[in-house]
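Novice: okay, sequence plus prediction incoming.
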Amino acid sequence: MGYSSSIIKMGSRHPILAALKRKREMETKKPQIVTIDGIEYDTNTFTEEQVLLLNHCVDLDRKISSTQFQLQQLQVGKDSFLKMLKDKLAAPQDVEVMG
């Protein structure tokens with residue numbers, strides 16, 4: 001009786017119970033599939049370090065996409081200003097007569 005009350009007292013902090021709980025959670029979690037170089041991986045099986053590295057890759061992809069979008073905006077803005085400059089240069093100039 002003393003042994004089982006000891007286990008109950010420890011609760012989920014007991015290493016064996018915690019491991020069983022993690023295993024049960026992994027079995028019931030929906031697979032989170034990521035494809036890298038044509039190979040599918042379930043991120044539920046990743047270590048903390050692997051999750052961190054994946055998160056870095058996902059964040060960098062997002063930043064690259066955002067930067068490409070901003071670059072398109074900048075290119076259109078530059079093209080617009082260049083066109084306005086060319087239009088001004090092609091327009092007849094008022095010549096000021098001195099003297």
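Specialist: Right, received. Where do you want to start? This structure is a prediction, so every number in the text was calculated from the model and none was measured.
Novice: SS state for residue 66?
Specialist: helix (DSSP: H, G, I helix; E, B strand; the rest coil).
Novice: identify the residues contacting the most centrally placed residue in the chain.
Specialist: By CA atoms, centre = their mean, the chain has its centre lying nearest to residue 59, at 2.5 Å. Taking CB atoms under 8 Å, 6 or more residues apart in numbering as the contact definition, residue 59 lies against nothing. (Each C-beta comes from the backbone N, C-alpha and C, glycine too.)
Novice: can you tell me how far it is from residue 83?
Specialist: Residue 59 sits 37 Å away from residue 83, taking CB to CB, to the nearest Å as the criterion.
Novice: and if you look at residue 21?
Specialist: Taken as CB to CB, the span from residue 21 to residue 83 is 65 Å.
Novice: now residue 32
Specialist: 48 Å.
Novice: next SSE downstream of the lowest-mean-pLDDT helix or strand in the chain?
Specialist: Lowest on mean pLDDT, DSSP states H and E among the helices and strands of the chain sits helix 2-10, with a mean of 44. Next helix or strand after helix 2-10 toward the C-terminus (DSSP states H and E): helix 15-28.
Novice: cool, thanks, talk later.
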